[in-house]
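*Asks:* could you look at this predicted model? Sequence included:
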Amino acid sequence: MTLKDIKPGQTCVIVNVLTNNLRKRIIDMGLTNRTLVKVKKLAPLGDPMEILVRGYLLTIRKAEARTIEVTLVEEVK
Amino acid sequence: MSLRIALVGNPNSGKTTLFNALTGSNQSVGNWPGVTVEKKSGIYKKDNFEVEIIDLPGIYSLSTISLEEELTSNYIKNQKMDVIINIVDASNLERNLYLTYQLLDSSIPVVVALNCMDIVEKQLANINTVKLAHILGVPIVPITASKKMGILELMRQVEVLNHTKRQVHPIYNPLVESTIQRFTDILQDRFFAIRYFEDGEKAFTKDCVLKSKLPQLEEAKESEKEKHGIDFDMVLPNARYESIEQIRDEVLSKPLLETISTTEKIDQVLTHRLFGIPLFGLIMFLVFFIAFGPMGSFITDGFVSLIELFFQLIGQGVEAAGMAPWVTSLINNGFFGGLASVVGFLPQLMILFLFLSLLEDSGYMSRAAFIMDRALRRFGLSGKSFIPMLLGFGCSVPAMVSTRTLDKAEDRKLTTMIIPFMSCGAKAPIYGVFAGALFARGAYVVVFSMYILGILVALLSALLFKKTILKSASANYLMELPEYRRPTIKNTWIHTWERSKGFLIKAGTILLGAFIVIWFLSYFGTVDGSFRLLSEDEIEFSLLGQIGQFMLPIFQPMGVYDWRATVAILTGFVAKESVVGTLGILYGVSGDVIENGSALYPYIRAAFTPVQAYAFMAFALLSAPCIAALAAMKKELVSMKWFLFALVYEMGVAYLVAFLIYQIGSMSSGGILTIVFLLIVIGIVASTGYRVFKNKGSTCVTCSGCVVDKSCTRSELERKSNTDVTQE
């Protein structure tokens, strides 16, 4: 499962960041292994997606989100 | 020179605010237009303590991807400063500390300025700064840059640190440290060892002496790789963020995760799934309406009449001084005439710059890019290129300057080259006169079609560049959405003024030179065998008029059969707003033709057919922009080669489009139908051929649209199909 498959409102944990042309930047911006990521929403045209990571909002295209492997975290209510 | 201090921090962390707070009182902000980046320098003075402050472009990491970031990174690598002030945004501690860690790896002393914006002031209570300073081993000074709080203490720490030169390196986990040690043994430099660990050979700049050790390093790297178990380039970032998470847990009394509520509420409206795009359109419309609508025109008219009055007074003085007639003419027509037409645009530009600053400072610009990114992607552009393009509707000059926010040089080039196609405010009077004269009822549709034509040519050009000469343009997109902030009056004013000042300086230097040349060409000529200064109504005999008549054959294929129109085109290169004015002079219409364009209608009806007029308008829209825009273009494109290419391309496109409009437009209906039929046939053949080719060529079916070929390796495909299976 990749970040692209996560629906708005869901939270996930990063397992691995695969090769893409922004890989180093993505990692430097805090998307390292075991990081908690919450998907906030999609842009009006469906792409890019807005995520909450390490306390700030980041927007990332699905092309890059596809290369970030994650596992879904069950909502605790 | 005295002590040199660099401000380093994440984009949007408040660096420039701090810079202004530090250098404010005796500000000597010098702009160094580097390649496409600018670093600012100023002086901080307190008693006997005087230091040079350098404001560097914001970076997230020392591993850089854009030119602008490279400047900062190289600056640190070359150790060009005595002390670094690292500005850390208190509301975003985790990501900001990542850069702090990288800076602490270097041997330059670091002071951390913990900046809390107004919104997060309350949060500072939640951060244990004493503990943070103890863990990191560096002085931490809480500041509020916008209110100049904590500045004195910050500079006191800088002074102390400059004497002690104390620098504590962060220590990573033993496994990571062993790898760092291995590289350090080879390089004899811990900082570069760590840079190599992260970036590989990219860590060394071209002329770096350490580069000779590369073979040795590569060998060490191969054996070190096996120890870590995860991708080598992730080892260090993982280790850093793990340490940062520990720090976060120790110094924060409550997590900051749920603090973005205000921003979230605003975004629920502004980036709403349905309302986001219409709202964006409305905001943009309002900006242009205020700047170029009735209000903007009212202010401009008032301003222009003031300037004209001022220049008239000087003009009378000059005439009264009794100098040679050509001196009087040069001053009144060359200097003041030209300057008045350009400076007259200042109020509208300032309104535009003001709104631009407001949109930027509040944080809305990034939302606009977020909303529009998808739509622009198929043209090889990213959401970030969108703002410069929109500004192009106002004036190309600020639009081109704002391309600096784009990531890569190629993306900046691409956007800069298509901006002139966006119909700028100065072109509007041309459409007004021609459409008004020849298309009476449909005038609005005709004018609107010009704007559409401009956008179409811009987008198609972007696509063409992307597919041919600028393949490396990435159109990358990965963008932080900053929290909304209330823009301060001071910062908005500084932004607006800095931009306006640039425009004024340009008007006073490059443009003035051009005006002198144009003045000479339009007011000198041979009448009855003698070369002399001409009066206003003899412009037909001027050198410019001669050139216009000489060049007429070139423009005939696009339907220009009147030398006056050729001259108007030529003067349009100085400023598009002078096209209509020139036509007015040449046709002998007295009075202000821009305000009262209908006086020109009969002459234009006599000289142009509707098709000819449409072709002329298209040429005015697409041809090379005015001198101010050309100067801006040269500055942003950097190299002369690219600049000349852009110039030739734009002229070529303008000529071609105008030529096609005229030639096709003047054909009989049978001829047009033939062409339409031909185009349909070509279209069908091409699309069939493309489909066949595409099916044959693509080996990468499951991962359509992958960014880099590498991302499509077999292992990933397998993994992908596995996950697909498990999902089902």
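*Replies:* Looks like it arrived, so ask away.

*Asks:* only C-alpha atoms from now on, for both contacts and neighbour counts.
*Replies:* OK.

*Asks:* for chain A, what's the nearest residue on the stretch 401-550 of chain B?
*Replies:* For the stretch 401-550 of chain B and chain A, the shortest gap (C-alpha to the nearest C-alpha) falls at B:E480, measuring 4.4 Å.

*Asks:* got a pLDDT number for residue 39?
*Replies:* In the absence of a named chain, this looks at chain A. Note for A:V39: predicted pLDDT of 94.

*Asks:* that answer is for a different chain, and I need it for chain B
*Replies:* If you check B:K39, the pLDDT there is 66.

*Asks:* got it, and B:F643?
*Replies:* pLDDT recorded at B:F643 is 92.

*Asks:* which residue comes closest to it once chain neighbours are left out?
*Replies:* Distances taken as C-alpha to C-alpha, 6 or more residues apart in numbering or on different chains place B:K634 nearest to B:F643, at 5.6 Å, with adjacent residues excluded.

*Asks:* number of residues surrounding that neighbour?
*Replies:* 20 (other C-alpha atoms under 10 Å in any protein chain shown).

*Asks:* alpha carbons of the helix or strand hosting it, as PDB, please.
*Replies:* B:K634 is part of helix B:627-637, with elements assigned from DSSP states H and E. The C-alpha coordinates for helix B:627-637 follow below in PDB (Å, rounded to 0.1, in the frame of the first residue of the first chain):
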ATOM      1  CA  ILE B 627      12.200  47.100 -23.600                       C
ATOM      2  CA  ALA B 628      11.500  46.900 -19.800                       C
ATOM      3  CA  ALA B 629      10.300  43.300 -20.200                       C
ATOM      4  CA  LEU B 630      13.200  42.400 -22.500                       C
ATOM      5  CA  ALA B 631      15.600  43.700 -19.800                       C
ATOM      6  CA  ALA B 632      13.800  41.600 -17.200                       C
ATOM      7  CA  MET B 633      13.900  38.600 -19.500                       C
ATOM      8  CA  LYS B 634      17.600  39.000 -20.100                       C
ATOM      9  CA  LYS B 635      18.200  39.100 -16.300                       C
ATOM     10  CA  GLU B 636      16.100  36.000 -15.600                       C
ATOM     11  CA  LEU B 637      17.300  34.000 -18.500                       C
END
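
*Asks:* for the helix or strand harbouring the residue of the stretch 401-550 of chain B closest to chain A, name the packing helices and strands.
*Replies:* In the assignment (DSSP H and E), B:E480 maps to strand B:478-481. The helices and strands touching strand B:478-481, judged by 3 or more C-alpha pairs under 8 Å, 6 or more residues apart in numbering or on different chains; DSSP states H and E, are strand A:56-60, helix B:364-377.

*Asks:* export those to TSV and tack on distance to B:K45, mean pLDDT and mean neighbour count?
*Replies:* Formatted as TSV, the helices and strands packed on strand B:478-481 follow (distance: least, C-alpha to C-alpha, whole Å; pLDDT from 0 to 100; neighbours: other C-alpha atoms under 10 Å in any protein chain shown):
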stretch	distance to B:K45	mean pLDDT	mean neighbour count
strand A:56-60	36	92	22
helix B:364-377	35	88	21
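
*Asks:* so how many other residues sit close to B:V176?
*Replies:* Neighbour tally, B:V176, other C-alpha under 10 Å: 18.

*Asks:* for the strand holding B:E480, which strands pair with it and how are they oriented?
*Replies:* strand A:56-60 (antiparallel) (DSSP bridges).

*Asks:* show me what the partner strand is in contact with.
*Replies:* With contacts defined as C-alpha atoms under 8 Å, 6 or more residues apart in numbering or on different chains, strand A:56-60 is touched by A:48-52, B:92, B:257, B:370, B:477-482.

*Asks:* lowest-confidence helix or strand of the chain?
*Replies:* As the question left the chain open, I've gone with chain A. In chain A, no helix or strand scores lower on mean pLDDT, DSSP states H and E than helix A:23-28, which sits at a mean of 90.

*Asks:* that's the other chain; I wanted chain B
*Replies:* strand B:30-33 (a mean of 33).

*Asks:* from B:I627, how far out is the residue nearest to B:F643?
*Replies:* Separation of B:K634 from B:I627 (C-alpha to C-alpha, to the nearest Å) stands at 10 Å.

*Asks:* now B:I127
*Replies:* Distance, B:I127 to B:I627, using C-alpha to C-alpha: 53 Å.

*Asks:* with B:F573 instead?
*Replies:* Here the criterion is C-alpha to C-alpha. By it, B:F573 lies 6 Å from B:I627.

*Asks:* same check on B:G322?
*Replies:* 33 Å.

*Asks:* who has more neighbours, these two?
*Replies:* More neighbours surround B:I627 than the other of B:G322 and B:I627, with 20 against 10 (other C-alpha under 10 Å).

*Asks:* how confident was the prediction at that one?
*Replies:* On the pLDDT scale, B:I627 gets 78.

*Asks:* ditto for B:F693
*Replies:* Here the pLDDT value assigned to B:F693 is 68.

*Asks:* how many residues are close by residue 14?
*Replies:* Because you didn't say which chain, this covers chain A. 19.

*Asks:* that's the wrong chain, I meant chain B
*Replies:* B:G14 is flanked by 20 other residues according to other C-alpha under 10 Å.

*Asks:* surely it meets B:A145?
*Replies:* Yes. At 6.9 Å, B:G14 and B:A145 qualify as touching, with contact defined as C-alpha atoms under 8 Å.

*Asks:* where do the contact lists of the two overlap?
*Replies:* Shared contacts of B:G14 and B:A145, defined by C-alpha under 8 Å, 6+ apart, are found at B:N115.

*Asks:* and the helix or strand hosting B:A654, what does it pack onto?
*Replies:* Using DSSP H and E, B:A654 maps to helix B:640-665. In terms of contacts (3+ C-alpha pairs under 8 Å, 6+ apart), helix B:640-665 is packed against helix B:610-622, helix B:627-637.

*Asks:* tilt between the first one and helix B:640-665?
*Replies:* Between helix B:610-622 and helix B:640-665, the angle comes out at 170 degrees (axes from the mean of the first three to the mean of the last three C-alpha atoms, to 10 degrees).

*Asks:* stretch B:479-491: end-to-end distance?
*Replies:* Taking C-alpha to C-alpha as the measure, stretch B:479-491 stretches 23 Å from start to finish.

*Asks:* any idea how far that stretch is from the chain center?
*Replies:* Distance of stretch B:479-491 from the chain centroid (C-alpha atoms, centre = their mean, to the nearest Å) equals 18 Å.

*Asks:* buried residues, it. List them.
*Replies:* For stretch B:479-491, burial by neighbour count (16 or more other C-alpha atoms under 10 Å in any protein chain shown) applies to B:479-485, B:491.

*Asks:* just stretch B:275-293 next, same as before
*Replies:* Neighbour-count burial for stretch B:275-293 flags B:276-277, B:280, B:287-288, B:290-292 (criterion: 16+ other C-alpha under 10 Å).

*Asks:* out of those, which touch chain A?
*Replies:* Among the buried residues of stretch B:275-293, the residues within reach of chain A (C-alpha under 8 Å from any C-alpha of the partner chain) are B:276-277.

*Asks:* and the buried residues of stretch B:275-293, which two are furthest apart?
*Replies:* B:G276 and B:F292 (24.2 Å; C-alpha to C-alpha).

*Asks:* thinking again about what came up before, any idea which helix or strand comes after the least confident helix or strand of chain A?
*Replies:* strand A:36-42.
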